[in-house]
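Chemist: Have a look at this fold, sequence not included:
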């Protein structure tokens with residue numbers, strides 16, 4: 001039995017079916033965690049096609065999720081595209097492929113797969129755009145529980161790293177310690193490549209950890225996250241090795257104030273870009289506007305960067321149950337930078353942070 005969300009998309013877009021290939025969409029709609037598969041929803045039937053590596057696991061995942069999908073194995077004797085053609089009636093001549101409208105995930109499907117689909121099925125392929133990601137914006141209680149736990153694992157990693165940070169340790173070693181701590185505390189993986197940037201490297205928002213050693217006077221920015229039950233966490237903290245100088249304190253204070261203002265003023269019903277403006281205006285008024293180039297935040301779920309995003313362009317109306325990070329930053333080339341990031345949920349009253357690590361300036 002096809003679920004209500006998919007049925008509504010098919011009806012609203014006047015489709016004959018939906019093809020799901022993105023691993024995060026597969027997990028959300030089918031419950032299958034393996035990542036490699038193809039789901040086809042037509043009319044009242046929903047089928048997940050997998051190869052023999054995943055057949056048993058897919059059946060178990062789908063049973064646990066009670067998603068209503070049926071698992072079909074494809075192989076040499078029954079290739080995937082032959083099974084797809086049979087399901088839509090093209091293989092046996094029951095359907096006119098030219099008049100058959102199949103929605104596909106244009107935001108994630110690679111060109112070679114699209115070309116193969118068009119060649120093999122000869123149907124009208126209709127871009128789904130954000131149709132499959134919008135239902136994921138409002139999290140269920142179960143999803144929120146997993147997101148809280150994932151962020152709590154990050155908190156534990158940060159608490160532990162404070163005992164490790166010292167002059168002489170490298171950025172790569174710090175990253176390794178954070179990743180080990182997250183996995184030791186229950187994470188199944190990383191939600192993105194860990195960022196550890198010290199000294200002048202910290203002026204690069206997405207710096208890659210190197211063998212640079214931490215030195216007295218360095219800002220050290222650590223941006224890291226893990227996966228728990230498939231759901232991601234995301235947090236950033238910046239500390240100082242030794243004592244912070246006056247300019248470092250000013251930059252840190254400005255970023256912290258910008259974050260606090262955004263967290264305090266965020267309310268359901270606001271547009272995403274209005275929340276971004278709160279923090280951006282504060283940083284600009286402090287004289288650092290040119291050094292805050294990225295958006296204020298983004299949603300998080302099965303994937304680390306989901307929609308909607310808190311940036312200057314997104315006009316999505318925030319609703320209770322949406323996850324958003326709030327992560328202002330100031331990055332001064334040749335000097336260093338600061339980012340402070342919490343992850344939390346939009347509530348009926350405002351914003352609840354899931355991140356419990358201290359936000360005050362920590363000097364090591």
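Modeler: Thanks, I have it. If you're wondering where the values come from, they're calculated on a predicted model, not measured in any experiment.

Chemist: Report the separation between residue 87 and residue 40.
Modeler: From residue 87 over to residue 40 the distance is 6 Å, taken as CB to CB, to the nearest Å. C-beta coordinates here come from the backbone N, C-alpha and C atoms, glycine included.

Chemist: hey, what's in contact with both of the two?
Modeler: Listed as contacting both residue 87 and residue 40 by CB atoms under 8 Å, 6 or more residues apart in numbering are residue 47.

Chemist: More neighbours: the two, which one.
Modeler: The residue with more neighbours, out of residue 87 and residue 40, is residue 40; 22 against 18, by other CB atoms under 10 Å.

Chemist: Double-check that one against residue 19; I have them as touching.
Modeler: Yes. Using CB atoms under 8 Å, residue 40 makes contact with residue 19 at a distance of 5.7 Å.

Chemist: residues near the residue lying closest to residue 316 once chain neighbours are set aside, how many?
Modeler: Spatial nearest neighbour of residue 316, chain neighbours left out: residue 308 (3.6 Å); criterion: CB to CB, 6 or more residues apart in numbering. A count of neighbours around residue 308, defined by other CB under 10 Å, yields 24.

Chemist: any idea where the helices of the stretch 101-250 of the chain begin and end?
Modeler: Along the stretch 101-250 of the chain, the segments classed as helices by DSSP state H, counting those that start in this stretch run 111-121, 141-161, 171-184, 246-265.

Chemist: quick revisit: what sits in contact with each of residue 40 and residue 19?
Modeler: Residues within reach of residue 40 and of residue 19 at once, by CB under 8 Å, 6+ apart, are residue 84.

Chemist: For burial, what's the neighbour tally of the nearest residue to residue 228 once chain neighbours are set aside?
Modeler: Distances taken as CB to CB, 6+ apart place residue 150 nearest to residue 228, at 3.9 Å, with adjacent residues excluded. Using other CB under 10 Å, residue 150 has 28 neighbouring residues.

Chemist: Residue 232 is in contact with residue 150, correct?
Modeler: Yes. Between residue 150 and residue 232 there is a contact under CB under 8 Å: 6.2 Å.

Chemist: Quick check: neighbours shared by the two?
Modeler: Common neighbours of residue 150 and residue 232 (criterion: CB under 8 Å, 6+ apart): 191, 225, 226.

Chemist: Just want the most central residue of this protein.
Modeler: residue 304 (1.7 Å; CA atoms, centre = their mean).

Chemist: give me every residue that touches that residue.
Modeler: With CB under 8 Å, 6+ apart, residue 304 has these contacts: 191, 192, 225, 232, 234.

Chemist: can you give me the end-to-end distance of stretch 325-338?
Modeler: 16 Å (CA to CA, to the nearest Å).

Chemist: Go through it and flag the buried ones.
Modeler: 325, 326, 327, 328, 329, 330, 331, 332, 335, 336, 337, 338 (16 or more other CB atoms under 10 Å).

Chemist: With stretch 279-295 instead?
Modeler: Per 16+ other CB under 10 Å, stretch 279-295 contains these buried residues: 279, 280, 282, 283, 286, 288, 291, 292, 295.

Chemist: And stretch 165-179, by the same measure?
Modeler: Applying 16+ other CB under 10 Å to stretch 165-179 flags 165, 169, 170, 171, 173, 174, 175, 177, 178, 179 as buried.

Chemist: Out of the residues you listed, the closest to residue 266 would be?
Modeler: residue 178 (27.7 Å; CB to CB).

Chemist: Model confidence for that closest one, exactly?
Modeler: Predicted confidence (pLDDT) for residue 178: 98.
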